[in-house]
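K.L.:
any chance you could fold what I've pasted below:
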Amino acid sequence: MNRKYIVICSFFVAFFVLSLLCYGSFEYAKKQEQKKLAHQNAAQTSTKQEQRVTSETKLVIEKWEEESEELVKEERDMPPEYAGLTREELEKQLTVEIKDKSWEEEKEGLVKITLESFSEDKIVIRKVYNKSSEQGYILRLKDGEVVIYRKDEKEPFEKTGLKEENLSKQDKKILQGGYAVRTEKELYSVLENFSS
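P.N.:
Residues are numbered from 1 along each chain as shown. Next comes the predicted model:
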């Protein structure tokens, strides 16, 4: 009986020790996982908060011409006013830039500046141009011919060579008051329709 008692006690002790070891390893693994997650969250938070423009950051300017749907990319040196800015600060700076755009950019038709991507390694800024947004043309009949005027000018821009006698009554009526078009594409399309 003594022997049975020793075997049973040994079995219970071994079971208890094994249970303690399993529970301890489970708790240890759980704590390690929590530490790892806390470290990752802290790293992500600090990365988001600390990403700033440096002198090493590449600056890519994308010039998008809406009318021709042409995109030109160029790398530039980082302007000093961008140095040290976070994403939010850079977006605010770009808002100021569009409001205070230069005369040259105004003339080129700059309508919008957006921040396309932001990281410590590379920044992509898109400048959207639309020359036709302020430009436009007016077609009128003058001296028996269809003449093109720029929207903001009173002097003829170009004579088309289309004679009044070759136009339909409806086209003549439209051109009497002046026919406005916004873009060069639209202008050539309308002229093609008048000549056919």
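
K.L.:
chain neighbours aside, what residue packs nearest to the residue nearest to the spatial centre of the chain?
P.N.:
Centrality entry for the chain: nearest residue to the mean C-alpha point is Glu116, 3.7 Å, by Cα atoms, centre = their mean. Nearest residue to Glu116 in three dimensions, chain neighbours excluded: Val124, at 4.1 Å (Cβ to Cβ, 6 or more residues apart in numbering). All C-beta atoms are positioned from the backbone trio N, CA, C, and that covers glycine.

K.L.:
tally of neighbours for that neighbour?
P.N.:
16 (other Cβ atoms under 10 Å).

K.L.:
so it is in contact with Thr57, correct?
P.N.:
No: contact between Val124 and Thr57 fails when scored by Cβ atoms under 8 Å: they sit 10.9 Å apart.

K.L.:
check contacts around Val146.
P.N.:
By Cβ atoms under 8 Å, 6 or more residues apart in numbering, the contact set of Val146 is 139-140, 159-160, 162, 164, 167, 175, 191, 194.

K.L.:
please apply the same query to Leu162.
P.N.:
For Leu162, the contact set (Cβ under 8 Å, 6+ apart) comprises 145-146, 191, 194-195.

K.L.:
okay, now Phe118: neighbour count?
P.N.:
Here the number of neighbours of Phe118 (other Cβ under 10 Å) works out to 20.

K.L.:
before we move on, what about the one 10 residues further on?
P.N.:
One way to gauge burial is a neighbour count; for Val128, by other Cβ under 10 Å, it gives 17.

K.L.:
one step back: going by distance to Val72, which of the contacts of Val146 wins?
P.N.:
Using Cβ to Cβ, the shortest approach to Val72 within the contacts of Val146 belongs to Leu191, at 28.9 Å.

K.L.:
look up how far Val181 lies from the closest one.
P.N.:
Separation of Leu191 from Val181 (Cβ to Cβ, to the nearest Å): 9 Å.

K.L.:
now the common contact residues for the two.
P.N.:
By Cβ under 8 Å, 6+ apart, the residues touching both Leu191 and Val181 are Leu139.

K.L.:
could you identify the helix or strand that succeeds the longest helix anywhere in the chain?
P.N.:
Longest helix in the chain by number of residues (criterion: DSSP state H): helix 2-50. Toward the C-terminus, helix 2-50 is succeeded by strand 58-65 as the next helix or strand (DSSP states H and E).

K.L.:
that next one packs against which elements?
P.N.:
Other elements packing on strand 58-65 under the criterion 3 or more Cβ pairs under 8 Å, 6 or more residues apart in numbering; DSSP states H and E are strand 70-76, strand 122-129.

K.L.:
thank you kindly, that will do.
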